[in-house]
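1. got a sequence here, can you build the structure:
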Amino acid sequence: MNEHDADAAEELADRVRTGDLRLYELEDHADADTAAAARRRLVEEHSGADLSTTAEYALDAEQASESAIENMIGAAQIPMGVAGPVTIDGGAYDGETYLPLATTEGALLASVNRGLSVIDDSGGAAARITKRGMTRAPVFRVSGIAEGQALADWTRDNVEKLRAAAESTTSHGKLMDVTPYVVADNVYLRFRYDTADAMGMNMATIATQAAADVVEAETDASLVALSGNMCTDKKPAAINAVEGRGRSVTAEVKIPREMVEKTLKTSPEAISEVNTRKNLLGSAKAASLGFNAQAANVVAAMYLATGQDAAQVVEGSNAIVSMEAREDGLYAAISMASIEVGTVGGGTKLPTQAEGLDVLGIRGGGDPAGSNADALAECVAVGALAGELSLLSALASRHLSSAHEQLGR
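-> Take a look at the predicted model:
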């Protein structure tokens, strides 16, 4: 920062000290970089921290402040690597690619890389989107169960009216359906949208507000909250496991027996047993909503690398792993109910994250619309499958602790 910029930042910080400005108002009086520098000074004074590394960033502070963050002071750097390459035969992604992953967990990339190597040597993975739709579920207050039933019936009869209102707010979102749920004197309407290549949470929220206005105008119901938690966003929920949210995607691979024995140092039967006793029975006993070993690791790392909402790893890890020993080898699959991703909007516009999408070749809108986000979901699923294969085989061969020890983690 040059002397002029430093003086401007100090002047701005002083206006906060005197109470003339609040932290969130600084971009109204200076460019985003100067505002961030002023905040760093204030935070350093308050905490005694040295934020010189936080101050080093390559992103456009103006863009980030407008779309990604408030009260910006700099950027957090997360190591980013790649695993692969791997061949994917998907409904949307077809070809060979490296998978970008950003993480601070040592050994994760090595684990995923080992799984991808085995998948690729087996001819690659198949992947398909089985369902799509971003949801928002407002809750309405009614006078009692009779009015609740009436509102549910009205909703089923007036989907086209609700669709017209919702779709008037967006040129990309399409209302797919609305499902009513009646609980005492509450009615929850779960709206489901095709949001094309956007993750679509904001799109769904704005569209649902317009539809909710119609409900209030034409019925006796009163809107209590635009989100009634039956959406369900960023919380463990069985409804997402059953009905899906965002993209529901499955990836699979068939690994020859010889490769399991030679590369993974175990047998199809041993991997299948570990999966059954750990991922299936252990998870059932724990009443887990995820029947997998480490899906969240890959979901989080790929979300961070490609500009997704990292908090949605909660739903993203809601996955079921299948491992079946067959005479000729191992059938491995992962079914992920709620992969909520996009290739346009939000964090995908930030430079590092945009480059992560470029590694996959799917930045921006797809042709047809939605195909790039579908492709990203397929890539996440293949990465998660690789992680499951690697970890389960390490457990089956009892090499897990030695692998971590060897990598110094």
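2. use CA for all of it now, contacts and neighbours both
-> OK.
3. beyond the host helix or strand of Met134, next helix or strand please.
-> Assigned by DSSP states H and E, Met134 belongs to strand 125-136. Along the chain past strand 125-136, the next helix or strand (assigned with DSSP H and E) turns out to be strand 139-141.
4. partner strands of the strand holding Met134, parallel or antiparallel?
-> Sheet pairing of strand 125-136 (DSSP bridges) gives strand 80-90 (parallel), strand 186-194 (antiparallel), strand 246-256 (antiparallel).
5. which one, of these, ends up nearest to Arg17?
-> strand 80-90 (37.7 Å; C-alpha to C-alpha).
6. what comes into contact with that closest one?
-> Strand 80-90 is contacted from outside by 94-103, 109-110, 112-113, 116-117, 119-120, 123-128, 305, 375, 378-379, 382, using C-alpha atoms under 8 Å, 6 or more residues apart in numbering.
7. quick revisit: which of the strands paired with strand 125-136 sits closest to Val142?
-> From the strands paired with strand 125-136, taking C-alpha to C-alpha, the stretch that ends up closest is strand 186-194, at 6.0 Å.
8. off-centre distance for the helix or strand following the closest one?
-> Downstream of strand 186-194, the first helix or strand assigned by DSSP H and E is helix 201-218. The chain centroid and the centroid of helix 201-218 are separated by 24 Å, computed with C-alpha atoms, centre = their mean, to the nearest Å.
9. which helices and strands does helix 201-218 pack with?
-> Counting contacts by 3 or more C-alpha pairs under 8 Å, 6 or more residues apart in numbering; DSSP states H and E, helix 201-218 packs against strand 125-136, helix 159-167, strand 186-194, strand 222-225.
10. average pLDDT across that helix?
-> Taken as a whole, helix 201-218 has a mean pLDDT of 97.
11. tilt between it and strand 186-194?
-> Relative orientation of helix 201-218 versus strand 186-194 (axes from the mean of the first three to the mean of the last three C-alpha atoms, to 10 degrees): 130 degrees.
12. mind listing what's buried along helix 201-218?
-> Using 16 or more other C-alpha atoms under 10 Å as the test for burial, helix 201-218 gives Met201, Met203, Ala204, Thr205, Ile206, Ala207, Thr208, Gln209, Ala210, Ala211, Ala212, Val215.
13. list the buried residues in the helix or strand hosting Met259.
-> Per DSSP H and E, Met259 falls inside helix 257-263. Residues Arg257, Met259, Val260 are the ones in helix 257-263 that count as buried (16+ other C-alpha under 10 Å).
14. next secondary structure after that helix?
-> helix 268-274.
15. contacting residues around that following helix?
-> 257, 260-261, 323-326, 329-330, 392-393, 395-396.
16. so which pair among these is furthest apart in space?
-> Arg326 and Leu395 (19.5 Å).
17. how about low-confidence regions in this structure?
-> The chain contains residues with pLDDT under 70 at 1-4, 399-409.
18. one more time with 90
-> For the chain, the stretches with pLDDT under 90 are 1-7, 67, 398-409.
19. neighbours of the closest residue to Ile206 other than its chain neighbours, how many?
-> Leaving aside its sequence neighbours, Ile206 sits nearest to Thr169 (C-alpha to C-alpha, 6 or more residues apart in numbering; 7.0 Å). Counted with other C-alpha atoms under 10 Å, residues neighbouring Thr169 total 17.
20. so Thr169 sits against Ala204, correct?
-> No. In this structure, Thr169 is not within contact of Ala204 by C-alpha atoms under 8 Å, at 9.5 Å.
21. next up, the contacts around Val139.
-> Neighbouring residues of Val139 by C-alpha under 8 Å, 6+ apart: Asn186, Val187, Tyr188, Leu189, Leu223, Val224, Ala225, Leu226, Ser227, Gly228.
22. same question for Val299.
-> Going by C-alpha under 8 Å, 6+ apart, Val299 touches Val313, Gly316, Ser317, Val380, Ala384.
23. relative to Gln77, how far out is it?
-> Distance of Val299 to Gln77, given as C-alpha to C-alpha, to the nearest Å: 18 Å.
24. do the same with Pro256
-> 40 Å.
25. more neighbours, these two?
-> Taking neighbours as other C-alpha under 10 Å, Pro256 and Gln77 compare with Pro256 leading, 18 against 13.
26. enumerate the positions of the strand holding Met134 that are buried.
-> Neighbour count says strand 125-136 has Ala125, Ala126, Ala127, Arg128, Ile129, Arg132, Gly133, Met134, Thr135, Arg136 buried, by 16+ other C-alpha under 10 Å.
27. which one of those residues sits closest to Asp60?
-> Closest approach to Asp60 among the buried residues of strand 125-136 (C-alpha to C-alpha): Met134, at 29.1 Å.
28. so who does the residue lying closest to Ala198 once chain neighbours are set aside touch?
-> Leaving aside its chain neighbours, Ala198 sits nearest to Gly342 (4.3 Å; criterion: C-alpha to C-alpha, 6+ apart). Going by C-alpha under 8 Å, 6+ apart, Gly342 touches Asp197, Ala198, Met199, Gly200, Gln308, Thr348, Asn372, Ala373, Leu376.
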